[in-house]
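Chemist: Quick check, what structure comes out for this input:
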Amino acid sequence: MTTKCLKSNWKAVGLAALATCLHGNLFAQGSASSTQTGVSEQEILFLVVSGMLIFVSIAVLVVALYILQVMRIIMQKDTVTAPVEVIATESFWLTFKKKFITGDVLPVEQEGAVAMDHIYDGIQELDNHMPPWLKYTFYGTIAFAIIYCINFFSLGLVQTSEQEYVAEMAQAEKEVGEFRKLAAASIDENSAKQVTDEAALTSAKAIYSQNCSACHGAAGEGGVGPNLTDEYWIHGGSVKDVFKTIKYGIPQKGMIAWQQKLKPDEIQNVSSYILSLQGTKPANGKEPQGDRVVSAETTPESKTMSSL
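Modeler: Residues are numbered from 1 along each chain as shown. As a prediction, this is how the structure comes out:
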């Protein structure tokens, strides 16, 4: 009899161990996808260990209850005629139901023992105990809260919502910067657009003063090169024409190509700044050269940048 009980106990232990391994395997399978979404190995290990500890604790508790129940039945002197294994099995499930599901529920005829004075509309309140499943669920929330607090306020294996937000914003800024670099590098004479951003035009003014003012004047009034403030252009007056002139230069007239010294977005900004000088009429402006071109891209707002 004892040998059979022990064999049954080992089966229960084996099932619990198998379930624990399967539980850990599920966490391990989920770790691959979690790693792809940015979850660290420490977080995965924490989840696996916590889950296995909880599962093993429940399994050990169930097995222990089963063993105690079987030992109690074996030690009873007034054993009934039914086989011990049948009694043990039935008693186990009855005990399990009582311990974990229904609890000590009194029969209807004995409800007076737990009746309270509170009666409303003919319904009397009973002072029954909390169902075990609900009680253990409450205990589980306490255990979860403890693990949660230890993790977030001590170990820090999982990021808080604020930390996740900061990390995501930093990643977004990095991606935006990379996109802008790719976009800036892809600008050419066919895709150039007139820029009206004040910061970009201010930066372009500094580039113009350093590289262009020697030939075209500090205010674009012209010198060795033509006047950039009137409506007359030798090689076209649109932002794409100006971009092309700056990028490839006019070697036969002494205008060097700037594509090796300036980035595409810088050439676009300088082209936009030059167009913003139209109509400013600086002192000592050089006489018009080329054909008159009224650029549709030159707006009154862009002309205000001439005061930079």
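
Chemist: Strands of the stretch 101-250 of the chain, residue ranges please.
Modeler: Taking DSSP state E, counting those that start in this stretch as the criterion, the stretch 101-250 of the chain contains strands spanning 115-120, 123-126, 232-233.

Chemist: With respect to residue 148, which of these lies nearest?
Modeler: Checking the strands of the stretch 101-250 of the chain against residue 148 by CB to CB gives strand 123-126 as the closest, at 35.1 Å. (Each C-beta comes from the backbone N, C-alpha and C, glycine too.)

Chemist: now the helices: where do they sit in this structure?
Modeler: Assigned by DSSP state H, the helices in the chain fall at 2-36, 41-75, 84-100, 132-150, 161-185, 198-211, 213-216, 239-248, 264-276, 300-303.

Chemist: Show me the domain layout of the chain.
Modeler: 2-155, 198-307 (automatic domain parsing).

Chemist: hmm, back to that, export the strands of the stretch 101-250 of the chain to a markdown table and append columns for mean pLDDT.
Modeler: Below are the strands of the stretch 101-250 of the chain laid out as a markdown table (pLDDT from 0 to 100):
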| stretch | mean pLDDT |
| --- | --- |
| strand 115-120 | 84 |
| strand 123-126 | 84 |
| strand 232-233 | 92 |
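
Chemist: any idea which of these is most buried?
Modeler: strand 232-233 (a mean of 18; mean count of other CB atoms under 10 Å).

Chemist: Contacts made by that strand with the rest, please.
Modeler: 226, 241, 288-293 (CB atoms under 8 Å, 6 or more residues apart in numbering).

Chemist: Closest one to residue 159 out of these, please.
Modeler: Out of these, the member with the shortest distance to residue 159 (by CB to CB) is residue 241, at 51.9 Å.

Chemist: isn't the closest one right next to residue 235, touching?
Modeler: Yes: here residue 241 reaches residue 235: they are 6.1 Å apart, a contact under CB atoms under 8 Å.

Chemist: More neighbours: which of those two?
Modeler: Shown here are residue 241 and residue 235; by other CB atoms under 10 Å, residue 241 has more neighbours (18 against 14).

Chemist: how about the more buried one, what does it touch?
Modeler: Per CB under 8 Å, 6+ apart, neighbours of residue 241: 189, 233, 235.

Chemist: so how far is residue 105 from it?
Modeler: Using CB to CB, to the nearest Å, residue 241 is found at 91 Å from residue 105.

Chemist: now residue 271
Modeler: From residue 271 to residue 105 the distance is 86 Å (CB to CB).

Chemist: ok, now residue 281?
Modeler: Taken as CB to CB, the span from residue 281 to residue 105 is 99 Å.

Chemist: what does residue 150 give?
Modeler: On the measure of CB to CB, residue 150 and residue 105 end up 37 Å apart.

Chemist: With residue 264 instead?
Modeler: If you go by CB to CB, the gap between residue 264 and residue 105 works out to 80 Å.

Chemist: and what of residue 207?
Modeler: 86 Å.

Chemist: And residue 239, by the same measure?
Modeler: Residue 239 is 85 Å from residue 105, by CB to CB.

Chemist: Check residue 134 too.
Modeler: 13 Å.

Chemist: which of those two has more neighbours?
Modeler: residue 105 (14 against 10).

Chemist: And the pLDDT at the more buried one?
Modeler: You'll see residue 105 listed with a pLDDT of 73.

Chemist: Many thanks, have a good one.
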